[in-house]
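Peer 1: predicted model follows, preceded by the sequence.
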Amino acid sequence: MKKRDEGQLTMDALASLCKRRGFIYQTSEIYGGINGFWDYGPMGTELKRNVRDAWWADVVRRREDVVGLDSSIIMHPRVWEASGHVGGFSDPMVDCRACKKRFKADAFCEEQGLELQVEGKHFVLPEGVQCTACGSKDLTEPRAFDLMFRTHVGPVEDDSSVAYLRPETAQGIFAQFSNVLATSRQKIPFGIAQIGKAFRNEINPRNYTFRSREFEQMELEFFIKPGTDSEWHAYWVNERLKWYSSIGLPESSLHKQVHPKEKLAHYASACTDVAYDFPFGTQELEGIAARGAFDLTQHQTFSGKSMEYFDPDTNEHFIPHVVEPSAGVDRIALALLCNAYREEWVPGAKVEGGVLAAEPGGKPPEGYEARVVMRFSPRVAPVKVAVFPLLKNKPELVAKARQVFDMLRVRWSCFWDQTGAIGRRYRRQDEIGTPCGVTIDFQTLDDDTVTVRDRDTMEQIRVPVKELTDSLARTIGC
Ligand code: ATP
């Protein structure tokens, strides 16, 4: 059997839970799947929706200076020429700086008995490679391979009908800048936000859903007055870090990675990534870039339409600069799953004692049981409350539990479970990370109180039904 390191083992355990509990499935699994594409099951769908909703609430709805957009996935192909995504190269190319010859990078390496390496979506030349024409080692980095998926619009498949699946949502925002400005009554500084699918034909999709070929982005283009770039960039880095804490990712697992000036694109004045400590390494969740006037200027040039803004306060015309926080829903969902996952040993029915962290591959001590628990922040937990009638064959218990269930599900996403021993039902909820469980038992019929069980401490308290919503709201929030 292949030996795995600890990080890999954790991802395997997580992937198995995700399949078992309906978070993530391999796409088209019945046909053997297709690399780089994933499906989200019932729990994963709720988790992702909560991520999107939390972002939309904080970045758009709770602000007066950001409005939303939902642009199409397929846009005019000129958009991608303006943005610089259509570069004309579909293979990685290498240039020799000495003799100016150009080669296909993979064949070039192979000829020398070496292998072109791939890091993320970047190609890296192996040590010792040299120009096959002149022997110089002064070679450029291999040029980016065209990551866009192509398709054809209309019945004829020729060059004039080529279109692309968008590799980012941002360009839809730039292309609609003038319309939004004219119809939203916003003044600079203001932002346009969009959530939607993006597609990249990644060379090497890996680390579960981390690098996929179809994924979802949440992007904000925040348009500002030239010269205010660095203060707005700092503002958004700070806002975004606070947001990650608000969905339950601990500050200690988040990192600000500042791109050095010499590595920035020529038009950018700053770029900071928010990275998370995944089991497979510290990796980017979001990039926050100060992109100057590059994008709007490019679209002005390529479309011939003005992208200028008139500032009524100063009577100035200018092309706004932009700060772009750009995040991936799938990566954030994966970070939340990694962060939530715990294997624990918990005291069985007759044992006193606290929760112990399970040792990998170990057996629980006498009287303890193993459990997997997803400690999601209630803000993102797929299900907020589970409701259990103690016994499914006692109609009066089931009817009362239904009443409680109907009362709660008006407000929260709730789960009904009447099958199996109550302990097993609790475990099932632990594995999907439901913060609260409500059990309706015989005492409920006497005194109208229910048992509320806390996912993390497993403590149980009795709460009158009339106080239940308020009591749960203290744990779950609104
Ligand atoms: P990377 O260097 O990891 O490929 P990037 O810098 O190219 O990412 P951006 O173009 O800045 O990424 O995209 C913004 C965000 O979109 C990323 O921070 C990430 O969350 C998400 N994203 C980008 N590519 C992918 C992908 N292949 N799979 C999942 N999410 C992605």
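Peer 2: Looks like it came in fine.

Peer 1: mind checking how far the residue lying closest to M407 once chain neighbours are set aside is from the ligand?
Peer 2: Nearest residue to M407, sequence neighbours excluded (C-beta to C-beta, 6 or more residues apart in numbering): T469, at 7.1 Å. In short, each C-beta sits where N, CA and C put it, glycine included. Noted for T469: a distance of 36 Å to the ligand, by C-beta to the nearest ligand atom, to the nearest Å.

Peer 1: so which strand or helix has T469?
Peer 2: helix 468-476 (DSSP states H and E).

Peer 1: which helices and strands sit right next to that helix?
Peer 2: Helix 468-476 sits against helix 395-409, strand 436-440, strand 449-454, with contacts defined as 3 or more C-beta pairs under 8 Å, 6 or more residues apart in numbering; DSSP states H and E.

Peer 1: which of these sits most buried?
Peer 2: Among the helices and strands packed on helix 468-476, strand 436-440 has the highest mean neighbour count (mean count of other C-beta atoms under 10 Å), at a mean of 24.

Peer 1: just give me how far that strand sits from the chain centre.
Peer 2: 31 Å (C-alpha atoms, centre = their mean, to the nearest Å).

Peer 1: paired strands for that strand, with orientation please.
Peer 2: Taking DSSP bridges as the criterion, strand 436-440 forms sheet pairs with strand 385-389 (parallel), strand 449-454 (antiparallel).

Peer 1: ok so R462 is a strand residue?
Peer 2: Yes: per DSSP: H, G, I helix; E, B strand; the rest coil, R462 lies within a strand segment.

Peer 1: quick check: beta-bridge partners of it?
Peer 2: Beta bridges link R462 to T451, judged by DSSP bridges.

Peer 1: contacting residues around it?
Peer 2: By C-beta atoms under 8 Å, 6 or more residues apart in numbering, the contact set of R462 is Q443, T449, V450, T451, V452.

Peer 1: contacts for the helix holding T469, please.
Peer 2: Contacts with helix 468-476, where a contact means C-beta under 8 Å, 6+ apart, come from 378, 384-385, 404, 407-408, 411-412, 435-436, 438, 450, 452, 454, 463.

Peer 1: now, which of these sits nearest the ligand?
Peer 2: P378 (23.6 Å; C-beta to the nearest ligand atom).

Peer 1: host element of the closest one?
Peer 2: Going by DSSP H and E, P378 is not in any helix or strand.

Peer 1: name the helix or strand of the protein that has the lowest mean pLDDT.
Peer 2: Across the helices and strands of the chain, mean pLDDT, DSSP states H and E gives its lowest value to strand 102-104, namely a mean of 76.

Peer 1: return the residues in contact with I73.
Peer 2: I73 touches L165, R166, G196, K197, F199, counting by C-beta under 8 Å, 6+ apart.

Peer 1: buried ones among the residues you listed?
Peer 2: Among the contacts of I73, the ones that count as buried by 16 or more other C-beta atoms under 10 Å are L165, R166, G196, F199.

Peer 1: so of these, which ones are in strands?
Peer 2: G196, F199 (DSSP state E).

Peer 1: and the buried ones among the contacts of I73 as TSV, adding distance to I188?
Peer 2: Shown next, in TSV, are these (distance: C-beta to C-beta, whole Å):
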residue	distance to I188
L165	31
R166	25
G196	24
F199	31
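
Peer 1: show me what from the stretch 151-300 of the chain comes close to the ligand.
Peer 2: E168, R200, E202, R211, S212, F215, Q217, E284, L285, E286, G287 (C-beta under 6 Å from any ligand atom).

Peer 1: report pLDDT for the residue of the stretch 201-350 of the chain at minimum distance from the ligand.
Peer 2: Proximity of the stretch 201-350 of the chain to the ligand (C-beta to the nearest ligand atom) peaks at G328, 2.3 Å away. On the pLDDT scale, G328 is placed at 98.

Peer 1: so what's the residue nearest to the spatial centre of the chain up against?
Peer 2: Nearest residue to the geometric centre of the chain (C-alpha atoms, centre = their mean): V329, 2.3 Å. Counting by C-beta under 8 Å, 6+ apart, V329 makes contact with K48, V51, R52, I195, F215, E216, Q217, M218.

Peer 1: what about those, which are in strands?
Peer 2: Using DSSP E, those in strands are I195, F215, E216, Q217, M218.

Peer 1: contacts only, for the residue lying closest to the second one once chain neighbours are set aside.
Peer 2: Excluding its sequence neighbours, the residue lying closest to F215 (C-beta to C-beta, 6+ apart) is D330, at 4.7 Å. Taking C-beta under 8 Å, 6+ apart as the definition of contact, the neighbours of D330 are W38, K48, T209, F210, S212, F215, E216.

Peer 1: you'd agree the fourth one is up against F278?
Peer 2: When you say that, I think you mean F210. Yes: contact criterion C-beta atoms under 8 Å: F210 and F278 qualify, at 6.9 Å.

Peer 1: next, the buried residues of stretch 69-79.
Peer 2: L69, S71, M75, P77, V79.

Peer 1: show me where pLDDT drops low in the protein?
Peer 2: Within the chain, the segments meeting pLDDT under 70 span 1-9, 87-91, 120-121, 144-145.
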